[in-house]
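Asks: just coords:
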């Protein structure tokens, strides 16, 4: 643990235990979303589904990247991940992005994807609000993830006909243009 990192954040008035709970719960959401998006992506088939598959794949890989970027900060602040995967799944900040009852209903699949992204946007906005001007490293990380989650939301929203967003897909799958600086190869 980086003892000074926690001490500096505490000195700004941030409740580090509360922040750690948020970070762990959001890390759980990212990893479980990666898992559930794998199932959703596999079911995106046919003329309608194939057009969405690459966007879902980008969001899926980037959510895994978000998990990978969150883990070091959790440990830097003296936190840890639960030792049991079931406990980790169940502490997720967002509900599971499970396959809808009719896996051939592409619109229902998109709605699941969209709601997962909207939950993530709310969660990272909250973390940014808590850490702004107080915990620069966590704020920077949460803001980078927030940028990508907003783009994911925009992609799925466009497919549902909610209007143009002005956001474009990635050049390479899972590029993570905002979060990549936090990832170590």
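Replies: Looks like it arrived, so ask away. Predicted model only: the values in this text are computed from it and were never measured. Numbering: from 1, shown residues only.

Asks: Could I get the pLDDT score of residue 158?
Replies: Per-residue pLDDT puts residue 158 at 89.

Asks: Any idea how far the helix or strand that contains it is from the middle of the chain?
Replies: Using DSSP states H and E, residue 158 sits in helix 136-159. Mean-position distance between helix 136-159 and its chain equals 8 Å (Cα atoms, centre = their mean, to the nearest Å).

Asks: Mind jotting down where the strands sit in this structure?
Replies: Counting by DSSP state E, the chain has no strands to list.

Asks: Where does the prediction get shaky in it?
Replies: The chain contains residues with pLDDT under 70 at 1, 170, 185.

Asks: Can you list the buried residues in the helix holding residue 158?
Replies: Neighbour-count burial for helix 136-159 flags 137-146, 148-159 (criterion: 16 or more other Cβ atoms under 10 Å). C-beta coordinates here come from the backbone N, C-alpha and C atoms, glycine included.

Asks: what about residue 169, how many neighbours?
Replies: By the criterion of other Cβ atoms under 10 Å, residue 169 has 11 neighbours.

Asks: Surely it and residue 55 touch.
Replies: Yes. Between residue 169 and residue 55 there is a contact under Cβ atoms under 8 Å: 6.2 Å.

Asks: Next up, the contacts around the residue nearest to residue 120 when sequence neighbours are not counted.
Replies: The shortest distance from residue 120 to any non-neighbouring residue, by Cβ to Cβ, 6 or more residues apart in numbering, is to residue 149 (4.2 Å). In this structure, residue 149 makes contact with 66, 117, 120, 121, 124, judged by Cβ atoms under 8 Å, 6 or more residues apart in numbering.

Asks: Just the ones in helices from the residues you listed, please.
Replies: Of the contacts of residue 149, the ones assigned to helices by DSSP state H are 66, 117, 120, 121, 124.

Asks: which one of those has the most neighbours?
Replies: Most neighbours among the ones in helices among the contacts of residue 149, by other Cβ under 10 Å: residue 66, with 31 neighbours.

Asks: check contacts around that residue.
Replies: With contact set as Cβ under 8 Å, 6+ apart, residue 66 has these partners: 26, 27, 30, 145, 148, 149, 176, 179.
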